[in-house]
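>>> Predicted model, plus sequence, below.
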Amino acid sequence: MKNPSLIAAAAVALLSLAACNNNAPEEVSSTAPDPMASQLANAAPVELPPAISESVTLRCGDNSLVYVDFFQGNKQVQLKTEKGGPATMLKAAEAGQPFEAAGGFKLTGTPKNVSVTLPGKPAKTCHA
């Protein structure tokens, strides 16, 4: 004999399980949502700084050395007067124009041959 109340209880249990959405697994994450996600998604692309195209050591007419890093794009160079000394970034408005920095720094030329003006000193020519 089949018990009608047992069949009814089984039907109610199956009906309640059918109402559940078992197809989509529950996502559990230990990280909080990023509060800046929408701002980052709408942000303008970031332009990376130029890479160094050539690093050279040049000997000048007064027998001193200068250390110059030329950057891709030919709009900036980094100049040092001592190997481990402080570097000065010189920039040009357009490629091919002289590189300049505040204080009287100026550099023109290529990695093989440059003319350098340091603050308070006359221009000097330096060669690779």
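Received the coordinates, thanks. Source: prediction; values computed, not measured.

>>> Let me see the ranges of the helices in the protein.
With DSSP state H as the criterion, the chain has helices at 4-18, 37-41.

>>> report the longest strand in this protein, please.
The longest strand of the chain (DSSP state E) is strand 52-60.

>>> Export that one to CSV, keeping only CA atoms.
What follows is strand 52-60 as a C-alpha-only set of coordinates in CSV (Å, rounded to 0.1, in the frame of the first residue of the first chain):
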residue,chain,number,x,y,z
ILE,A,52,66.4,55.1,-24.3
SER,A,53,67.6,54.6,-27.8
GLU,A,54,71.3,55.1,-27.2
SER,A,55,73.6,55.8,-24.2
VAL,A,56,77.0,57.3,-25.0
THR,A,57,80.1,58.6,-23.3
LEU,A,58,81.6,61.5,-25.2
ARG,A,59,85.0,63.1,-24.8
CYS,A,60,85.1,66.9,-25.1
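
>>> returning to that earlier point: lowest mean pLDDT across the helices of the chain, which one is that?
The minimum mean pLDDT among the helices of the chain belongs to helix 4-18 (a mean of 68).

>>> for Val116, what are its contacts?
Going by CB atoms under 8 Å, 6 or more residues apart in numbering, Val116 touches Cys60, Val66, Leu79, Lys106, Leu107, Ala123, Lys124, Thr125, Cys126. From N, CA and C alone the C-beta is placed, and that goes for glycine too.

>>> Test for you: state the pLDDT assigned to it.
At Val116, the pLDDT recorded in the model is 97.

>>> Please determine how far the nearest residue to it once chain neighbours are set aside is located from Asn63.
Computed as CB to CB, 6 or more residues apart in numbering, the closest residue to Val116 that is not its neighbour in sequence is Leu107, at 5.2 Å. Per CB to CB, to the nearest Å, Leu107 is found 19 Å from Asn63.
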